[in-house]
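fold the following, please.
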Amino acid sequence: MGVIVQRIFFPVWTLALALILSIGTLSGNVFAQQTADGPGRAEMERLCKGCHEVARSLSPRQDRDAWNHTMARMVAFGMKSSDRDFNLVLDYLVKNFPAEDVPRVNVNKATAIQLESGLSLKRSQAASVLAYREKNGPFKSLDDLKKVPLIDAAKIDEKKERIAF
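Here you go, the predicted model:
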């Protein structure tokens, strides 16, 4: 019986391993296609891959202020960076992953991650938006959104062009 099981599962295991390796290679190629060469790329790869996939780092498209906020959060979480590397990476992200490419965030459908990255909200603020939406129903206006606990009305006004209902 053991030989039969081994013969059945060995090819499946081999196929699974081949699939994992090919996905890894493919994702590396996709990453290479998504990133542009230039000052800051190597530093960005080194700093970001210490905690997560680099592609995840690049998923939000943000303006300088939002990229700065995101990187400052990463430093608070333990990312080690010199001021020089921080500024190189910030300039690289702003140039190659600008906010103009950011779709509007529908606050009635967005996930917490989308609210964080798309509107530069803190995790607690995004969670507060979701809880408020669940309890009170869909938002109809910016004024409705400003009623959410923990939300800074001035920040909402700054990001109003990126908000959809």
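
would you map out the domains in the chain?
Residue ranges for the domains of the chain, per automatic domain parsing: 38-101, 103-164.

which parts of this protein are helices?
Along the chain, counting by DSSP state H, helices occupy 2-34, 41-48, 54-58, 64-76, 83-96, 112-119, 123-136, 142-146, 153-158.

any idea which of those helices scores lowest on pLDDT?
Averaged per stretch, pLDDT over the helices of the chain is lowest on helix 2-34, reaching a mean of 43.

which parts of stretch 146-165 are buried?
Residues 148, 151, 156, 159, 162, 163 are the ones in stretch 146-165 that count as buried (16 or more other CB atoms under 10 Å). Backbone N, C-alpha and C define where each C-beta goes, glycine included.

hey, C-alpha coordinates of it in CSV?
Below are the C-alpha coordinates for stretch 146-165, written out as CSV (Å, rounded to 0.1, in the frame of the first residue of the first chain):
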residue,chain,number,x,y,z
LYS,A,146,-16.3,63.3,8.5
LYS,A,147,-18.7,62.0,11.2
VAL,A,148,-16.6,58.8,11.5
PRO,A,149,-14.7,58.7,14.9
LEU,A,150,-10.9,59.1,14.6
ILE,A,151,-11.2,60.8,11.1
ASP,A,152,-9.5,64.1,10.6
ALA,A,153,-11.9,66.3,8.6
ALA,A,154,-9.0,68.4,7.2
LYS,A,155,-7.4,65.2,5.8
ILE,A,156,-10.7,64.2,4.2
ASP,A,157,-10.9,67.6,2.6
GLU,A,158,-7.3,67.2,1.3
LYS,A,159,-8.2,63.9,-0.3
LYS,A,160,-11.7,64.7,-1.6
GLU,A,161,-10.7,64.4,-5.2
ARG,A,162,-9.7,60.8,-4.6
ILE,A,163,-13.0,59.8,-2.8
ALA,A,164,-16.0,58.3,-4.5
PHE,A,165,-19.4,57.2,-3.1
